[in-house]
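S.K.: predicted structure and sequence below. I'll ask about it afterward.
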Amino acid sequence: MPDNPEEKLLILQLSEDSRKIARLLSNETSIKILKLLNKKSMSAGDLADELEVRLNTLKYNLDSLLEAGMIRVRHIKWSRKGREIKVYEAVEKVIVLLPVKKNPETSFMLMKLWQNISESLEGQKIPELS
């Protein structure tokens, strides 16, 4: 996991981007993917098997989660047939929705808040939201 607080904090003003994130987080398959990847890194094939969904459905959700920065490719392994297999992991990220336009001062204050929260919770397990 990255140690850079900027990679762990996503600040969005209410916009099309924030609507995309909200749709993504209201999608049952996306939430199941995030929960699994929060426990361990997995390939698309492993995720599809675990969730009992078709690979193309899973791929759509993975692409959306990647685009939103909620997951990332941890590493790439190779199949026996020489095919590239991406192994995904969840990104620990706090999402803040702002009803006003994002400005440097607000971003700085939120970044400092995140740093303080991170330091105070260091080593503690954060409870999972359901």
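M.R.: Thanks, I have the structure now. The structure presented is a predicted model; accordingly, all values stated were derived computationally and were not measured.
S.K.: give me phi/psi at residue 28?
M.R.: With angles defined as degrees, to the nearest 10, residue 28 sits at phi -60, psi -40.
S.K.: ditto for residue 109
M.R.: phi -60, psi -40.
S.K.: ok, now how distant is it from residue 32?
M.R.: 34 Å (CB to CB, to the nearest Å). All C-beta atoms are positioned from the backbone trio N, CA, C, and that covers glycine.
S.K.: out of the two, which sits in the busier spot?
M.R.: For residue 109 versus residue 32, neighbours defined as other CB atoms under 10 Å are more numerous around residue 32 (16 against 11).
S.K.: would you agree that one is in contact with residue 52?
M.R.: No. Counting by CB atoms under 8 Å, residue 32 stays clear of residue 52, with 10.1 Å between them.
S.K.: name the residues that touch the helix or strand hosting residue 61?
M.R.: In this assignment (DSSP states H and E), residue 61 forms part of helix 55-68. Contact with helix 55-68 is made by 20-21, 24, 27, 29-30, 33-34, 44-45, 47-48, 51, 71-73, 88, as judged by CB atoms under 8 Å, 6 or more residues apart in numbering.
S.K.: so after that helix, what's the next helix or strand?
M.R.: Defined by DSSP H and E, the subsequent element after helix 55-68 is strand 71-78.
S.K.: for that next one, packing partners?
M.R.: Applying 3 or more CB pairs under 8 Å, 6 or more residues apart in numbering; DSSP states H and E, one finds that strand 71-78 contacts helix 28-39, helix 55-68, strand 84-90.
S.K.: contact partners for residue 87?
M.R.: Residue 87 makes contacts with 41-43, 73-77, as judged by CB under 8 Å, 6+ apart.
S.K.: who wins for neighbours among those residues?
M.R.: Highest neighbour count within the contacts of residue 87, by other CB under 10 Å: residue 42, with 19 neighbours.
S.K.: and it, how far from residue 80?
M.R.: Taking CB to CB, one finds residue 42 at 18 Å from residue 80.
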